[in-house]
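>>> no sequence on this one, just coordinates:
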């Protein structure tokens, strides 16, 4: 989720819960703000809306790979600043579950890389 000072991890998979509250410094070697700017042509509306919606694309390795922004479609390297101020780098695999759940609900790509509970 975007805040005034950057992109933060606010939800995701349980296995990566230690990243909850972390600020995303880079994803695939690029700052989230840079990625949002590169994705602007693919998100319509006003700039504030485009920034908000860019999270779905930024957090989808498959989308970033298709646009030539990541080398792999199923993982990404993230540099994060944890809530306690420490900086960590993680190679995070995308969520392997299908995008449409059995009950028909669509899984949001923004949850592919983000860490805590769904």
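That came through fine. Keep in mind the model is a prediction, meaning the values are calculated, not measured.

>>> list the contacts of stretch 37-44.
Stretch 37-44 is contacted by residues 30, 47, 49, 50, 53, 54, 57, 58, 67, 69 when judged by C-beta atoms under 8 Å, 6 or more residues apart in numbering. The way it works is simple: take the backbone N, C-alpha and C, and place the C-beta from them, glycine included.

>>> out of those, which are buried?
30, 50, 53, 54, 57, 58, 69 (16 or more other C-beta atoms under 10 Å).

>>> dump those to CSV, plus pLDDT, secondary structure and distance to residue 89.
Listed next are the buried ones among the contacts of stretch 37-44 as CSV, based on pLDDT from 0 to 100; DSSP: H, G, I helix; E, B strand; the rest coil; distance: C-beta to C-beta, whole Å:
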residue, pLDDT, secondary structure, distance to residue 89
30, 96, strand, 14
50, 90, helix, 28
53, 87, helix, 27
54, 90, helix, 22
57, 88, helix, 22
58, 91, helix, 17
69, 93, coil, 18
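
>>> nearest to residue 83, of these?
Distance to residue 83 across the buried ones among the contacts of stretch 37-44 (C-beta to C-beta) is lowest for residue 58, with 20.1 Å.

>>> is the nearest residue to residue 81 once chain neighbours are set aside in a bridge, and if so with what?
Distances taken as C-beta to C-beta, 6 or more residues apart in numbering put residue 23 closest to residue 81, at 4.5 Å, once the chain neighbours are dropped. When assigned by DSSP bridges, residue 23 has beta-bridge partners residue 8, residue 81.
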